[in-house]
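Q: sequence below, structure please.
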Amino acid sequence: MQDFLTLESQVHLHFTPTYSSWLNQVELWFSKIEREVIARGIFSSKGDLARKLLRYIRLYNTRARPFRWSYSNPRHRIKSIDLSPLTGH
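A: Here you go, the predicted model:
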């Protein structure tokens, strides 16, 4: 990887901690939809699936609360790698 970064000076790596990514929130939302709608559902068509998904989302939005989660295991955090000599950062 260091050889690649040396040759490709335009590449800059940006690490997003796995324990604080907004993408985790998106993954939680889709997982919830899959568990509560898709996995338990019987759908006669794509339109039927779309109607049931939208009905679920409308109902969910009437009683939505923020996801509350925390990350408490520091051993699983991404360790910082000093790439500044290679990338100039």
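Q: what's the mean pLDDT across stretch 14-29?
A: The pLDDT scores in stretch 14-29 average 73.
Q: what is the end-to-end distance of that stretch?
A: 25 Å (C-alpha to C-alpha, to the nearest Å).
Q: ok, now stretch 27-42?
A: With C-alpha to C-alpha, one end of stretch 27-42 sits 23 Å from the other.
Q: list the buried residues in it.
A: Within stretch 27-42, the residues that qualify as buried are V37, counting by 16 or more other C-beta atoms under 10 Å. The C-beta positions use only the backbone N, C-alpha and C, and glycine is treated the same way.
Q: distance between that stretch and the chain's centre?
A: The chain centre lies 15 Å from the centre of stretch 27-42; the measure is C-alpha atoms, centre = their mean, to the nearest Å.
Q: what residue is smack in the middle of this protein?
A: Nearest residue to the geometric centre of the chain (C-alpha atoms, centre = their mean): L23, 2.5 Å.
Q: moving C-terminal of whichever helix or strand that residue is part of, what's the next helix or strand?
A: Assigned by DSSP states H and E, L23 belongs to helix 22-33. With elements assigned by DSSP H and E, the helix or strand that comes after helix 22-33 is helix 46-62.
Q: and that next one, what does it pack onto?
A: helix 22-33 (3 or more C-beta pairs under 8 Å, 6 or more residues apart in numbering; DSSP states H and E).
Q: the helix it packs on versus helix 46-62: what angle between them?
A: Orientation note: helix 22-33 sits at an angle of 120 degrees relative to helix 46-62 (axes from the mean of the first three to the mean of the last three C-alpha atoms, to 10 degrees).
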